[in-house]
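Enquirer: this is the structure alone, sequence omitted:
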């Protein structure tokens, strides 16, 4: 009886281990299937969506293109600041409210894709009128985009701003 009990316990443990292994493999496959892969097309779609959103001054559309974990570092004339998503959106909204004739253009190059992220060089050209004066900014950035809900969103940006 003791020997039979030992074999039954061993068989039960092996079955339990097999079920655990199957569940672990199934979980891994499920997680892998849910994780989207970054593509160059997603990066280009991001740029087109950002241009459209900014030119229509839609803060909600821009917000969907920026990760909740975003960090944006801006430098100009030796001074730097870092903004989270909320601070970035507030700055953008305040700028739109204080100006007229706002125009935004974006170009992306040097795209390097790894898994669910892409790093790219981004140049944005923004122009507007404030107090009757035409102002334009050119910002060059190295950005990291990540995939969220099947779309590319901004995760990190290190930017140099020049005012013309």
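Expert: Good, I have the coordinates. Just so we're clear, the structure is a prediction, and the values are computed from it rather than from any experiment.

Enquirer: quick one: average pLDDT of stretch 38-57?
Expert: Summarised as a single mean, pLDDT over stretch 38-57 is 96.

Enquirer: buried residues in that stretch?
Expert: In terms of neighbour count (16 or more other Cβ atoms under 10 Å), stretch 38-57 has its buried residues at 38, 42, 43, 46, 47, 49, 50, 51, 53, 54, 57. To be clear about C-beta, it is placed using only N, CA and C from the backbone, and glycine gets the same treatment.

Enquirer: repeat for stretch 118-128
Expert: Neighbour counts over stretch 118-128 (16+ other Cβ under 10 Å) mark 118, 119, 120, 122, 124, 126, 127, 128 as buried.

Enquirer: which of the helices or strands spans the first one?
Expert: Secondary structure assigned from DSSP states H and E places residue 118 in strand 117-130.

Enquirer: so which of the buried residues of stretch 38-57 is the closest to residue 113?
Expert: For residue 113, the closest of the buried residues of stretch 38-57 turns out to be residue 38, at 4.9 Å, with distances computed as Cβ to Cβ.

Enquirer: could you look up the SS state of the closest one?
Expert: Per DSSP: H, G, I helix; E, B strand; the rest coil, the local secondary structure of residue 38 is coil.

Enquirer: looks like it contacts residue 112 (just checking).
Expert: No: between residue 38 and residue 112 no contact is recorded; they are 9.9 Å apart, counting by Cβ atoms under 8 Å.

Enquirer: now the common contact residues for those two.
Expert: Taking Cβ atoms under 8 Å, 6 or more residues apart in numbering as the contact rule, residue 38 and residue 112 both touch residue 118.
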